[in-house]
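A.B. asks: the sequence isn't on hand, but the structure is:
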């Protein structure tokens with residue numbers, strides 16, 4: 001089961017860290033990420049887009065501070081958010097499980113807002 005409505009916001013031109021815990025859909029227990037599972041996060045213009053405007057993966061932009069408890073951190077750099085227009089985007093987090101199966105875990109909106117009046 002995909003967790004929907006994982007909505008986040010960021011001010012354009014700022015850094016943002018998104019903290020999360022990946023859990024098993026049946027048991028609710030944290031997923032053990034100690035096996036080095038691939039994790040990918042895409043920010044897309046909308047739900048029908050196929051080309052990400054931001055792409056993060058476990059080796060670049062996604063860290064796993066507590067693998068046994070399924071905890072992840074996604075870091076958006078100020079330069080990445082500065083390149084975005086102020087609007088709503090769609091995002092999806094994928095985990096590659098055993099056998100290379102890609103499973104979506106989160107979807108939702110990323111709201112990018114302007115830093116201030118006239119900016």
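C.D. replies: Nice, thanks for sending it over. The structure displayed is predicted, hence computed values, not measured ones.
A.B. asks: every contact and neighbour count from this point should use C-alpha atoms.
C.D. replies: Fine.
A.B. asks: low-confidence ranges in the chain?
C.D. replies: 1-2, 4-5, 116-119 (pLDDT under 70).
A.B. asks: now that residue 57 has come up, it's in contact with residue 43, right?
C.D. replies: No: Residue 57 is beyond contact range of residue 43, at 11.9 Å (criterion: CA atoms under 8 Å).
A.B. asks: more neighbours, the two?
C.D. replies: Neighbour totals were compared for residue 57 and residue 43, and residue 43 leads with 23 against 17 (other CA atoms under 10 Å).
A.B. asks: identify the residues contacting the closest residue in space to the more buried one that isn't next to it in sequence.
C.D. replies: Distances taken as CA to CA, 6 or more residues apart in numbering place residue 91 nearest to residue 43, at 4.4 Å, with adjacent residues excluded. Listed by CA atoms under 8 Å, 6 or more residues apart in numbering, the contact partners of residue 91 are 41-44, 106-110.
A.B. asks: next, format the residues you listed as JSON lines and append distance to residue 86 and secondary structure.
C.D. replies: What follows is these, written out as JSON lines (distance: CA to CA, whole Å; DSSP: H, G, I helix; E, B strand; the rest coil):
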{"residue": "41", "distance to residue 86": "20", "secondary structure": "strand"}
{"residue": "42", "distance to residue 86": "17", "secondary structure": "strand"}
{"residue": "43", "distance to residue 86": "14", "secondary structure": "strand"}
{"residue": "44", "distance to residue 86": "14", "secondary structure": "strand"}
{"residue": "106", "distance to residue 86": "22", "secondary structure": "strand"}
{"residue": "107", "distance to residue 86": "19", "secondary structure": "strand"}
{"residue": "108", "distance to residue 86": "16", "secondary structure": "strand"}
{"residue": "109", "distance to residue 86": "13", "secondary structure": "strand"}
{"residue": "110", "distance to residue 86": "10", "secondary structure": "strand"}
